[in-house]
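Engineer: The sequence and its predicted three-dimensional model are supplied below.
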Amino acid sequence: MAFAGPLRGAIIAPTATLSGAALEEVAAHLRRAIESTGAASASVALALQSAGAFVTGFVACRRAGAPAVLVSDRRPRPESFDAEQVLVRLNDCAATLLLADSAHAGFAKAAGFRLIDQCREDVALWRRNVGGSSEPSPSHVLLVYTSGTLSTPKAVMLSARALEWIGATNERLYAWQPGDRFLGMLPLTHLAGLANTICALQAGVDVVLAPSIAFARRVADTVHAHRVTVAGLVPFQLDRLFEVGERAALRSLRLVVCSAAPLHATTVAKVSEANRQLQIYNAYGLTEAFRCFAHPVAPERYVDGLIGHRLPGVEVCLRDPATGTPTPQGETGELCVRAPQVMSGYWKRSSSGTKSSDGWLRTGDLARAGANGEIYLTGRLKHLINGGGEKMTVESIEAVIAELGECQVAVHGENDGAGAETVTALVPASCRFELAELRQKCARRLPTAFWPTRLIEVARLPRTSTGKLDRRAIAELVRETQQ
């Protein structure tokens, strides 16, 4: 059973270390607590800020045969988006049971749970009556919420078969070696963070927890102090790590798997120049279809958007978004995939417009195929800016500006009232862009309709917990500056 095997590695946190034996003890205790409720196949929601508690809670669910729901792995700040999402997820998922710590107790009560067992010092089991058949089908063993960068987060249902494929793929990709140590920085409520962490622990690899990449120098010091060899990072985390870290401190790294956001050639060049022994993989996937591509990056040949060839067992097709027909070789189409890890569907929502009856998933990503069948991402269907007849993805515009100014920006399309959109660029204060200068530079690379007409200086670009640009927050910032 995937993700149910023995936990043999340790979790090394800044304040304490939990050995594999200690993790196993907690997992066994939580499993007994879940099974003692007598709620056969009842879903268990997880809201735990301790990585050790979250991991052992999930493993306990797998061993008890209880579907798990990933709700929260951090202390929610009052009246924040994170806090709002905790309650939204608890009310949406209809889980009967909840493993939560004291930081989430108030949310548990607000969602109708009552405390039934103080399992550990700061892990309690809660229960509520959900009534009728509102629980997900037992065939769905995991609910994972999407990040919701453009719309309301949705709960993705994954089957046992999908988890088996995810576990096997991660083992092949990381190819753990004796003495490896893994840097854990991705949220455990996201599939990559959870899968990476548990696969490492089950392989006997210690997982070193690091602070937020906002404290990049401390992260670099952590890598050096613990001789970390392997990491799963979002591209901007990798970029920041090598921007501030001493080269000698990062030489222990042998493998980094990047995912969740575009990997830029400028980042690859910077990292490869600093550590020529480091192998970078550019992995592509969605919550709805985990890790369909994992491309070993060759720095001298890498270009923005390249995700390489599909992994074994994954079928790929590029289709016209309007007609659904395959696109000719070399032309851009919507990337569609069919594979064992593709979701069963959305919890309480229709997936008819996303997943077909024969298993094909529309990813919403635009892509083209190269001469040798390699795939290049070109943007998102929902991230198009209409320049008055001509359209371009925000990712394409951002990549050009980033290359011209050697600084990552975020762009947003604003309706000009005449059926087209103008481009607004959010620029970190450290970049020192001037609008006239930027437009002059864009003239060499972009059609006139896509030159920025407005700059908004921000302390930092809004991002989701996985490091993606937060398009909803960007749109809100643009609207606020118009008022």
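Structural biologist: Yep, it's here.
Engineer: Three-state assignment for Thr466, please.
Structural biologist: Counting by DSSP: H, G, I helix; E, B strand; the rest coil, the backbone at Thr466 sits in coil.
Engineer: end-to-end on stretch 319-326?
Structural biologist: Terminal residues of stretch 319-326 lie 4 Å apart, using Cα to Cα, to the nearest Å.
Engineer: chain center to that stretch: distance?
Structural biologist: 27 Å (Cα atoms, centre = their mean, to the nearest Å).
Engineer: Could you shift the numbering so residue one becomes 526, and keep it that way?
Structural biologist: Noted, 526 is the first residue going forward, which turns the last one into stretch 844-851.
Engineer: For Gly913, report the pLDDT, please.
Structural biologist: With respect to pLDDT, Gly913 has a value of 65.
Engineer: Oops, could you answer that again for Ser676 instead?
Structural biologist: 54.
Engineer: same deal with the one 5 residues further on?
Structural biologist: Among the per-residue scores, Val681 shows a pLDDT of 94.
Engineer: which helices and strands sit right next to the one helix or strand it maps to?
Structural biologist: Using DSSP states H and E, Val681 sits in strand 680-684. Here strand 680-684 touches helix 606-618, strand 665-670, strand 870-871, going by 3 or more Cβ pairs under 8 Å, 6 or more residues apart in numbering; DSSP states H and E. Using the backbone N, CA and C atoms, a C-beta is placed for each residue, glycine as well.
Engineer: Next, the angle from the longest one to strand 665-670.
Structural biologist: What it means is helix 606-618. Using axes from the mean of the first three to the mean of the last three Cα atoms, to 10 degrees, the direction of helix 606-618 lies 150 degrees away from that of strand 665-670.
Engineer: of all the helices and strands packed on strand 680-684, which lies closest to Thr978?
Structural biologist: Closest approach to Thr978 among the helices and strands packed on strand 680-684 is made by helix 606-618 (28.9 Å; Cβ to Cβ).
Engineer: Can you identify the element that follows the closest one toward the C-terminus?
Structural biologist: Heading C-terminal from helix 606-618 (DSSP H and E), you reach strand 622-625.
Engineer: Would you give the sheet partners of that next one, along with the direction of each?
Structural biologist: Applying DSSP bridges, strand 622-625 is found paired with strand 569-572 (parallel), strand 648-652 (antiparallel).
Engineer: in the stretch 626-775 of the chain, which spans are strands?
Structural biologist: For the stretch 626-775 of the chain, the strands defined by DSSP state E, counting those that start in this stretch occupy 639-645, 648-652, 665-670, 680-684, 706-709, 731-734, 755-758.
Engineer: Tell me the buried residues in the last one?
Structural biologist: It stands for strand 755-758. For strand 755-758, the neighbour count (16 or more other Cβ atoms under 10 Å) marks Val755, Ala756, Gly757, Leu758 as buried.
Engineer: send the alpha carbons of that strand over as CSV?
Structural biologist: In CSV, the C-alpha atoms belonging to strand 755-758 read as follows (Å, rounded to 0.1, in the frame of the first residue of the first chain):
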residue,chain,number,x,y,z
VAL,A,755,18.7,16.4,-2.4
ALA,A,756,16.0,19.0,-2.5
GLY,A,757,12.5,19.4,-4.0
LEU,A,758,12.1,23.2,-4.6
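Engineer: what stretches of the stretch 526-675 of the chain score poorly on pLDDT?
Structural biologist: In the prediction, the stretch 526-675 of the chain carries residues with pLDDT under 70 at positions 604-606, 656-664, 673-675.
Engineer: all strands for the stretch 776-925 of the chain, in order.
Structural biologist: Secondary structure of the stretch 776-925 of the chain by DSSP E, counting those that start in this stretch: the strands cover 780-783, 804-809, 818-821, 831-833, 840-844, 858-863, 870-871, 886-894, 900-905, 909-911, 916-918.
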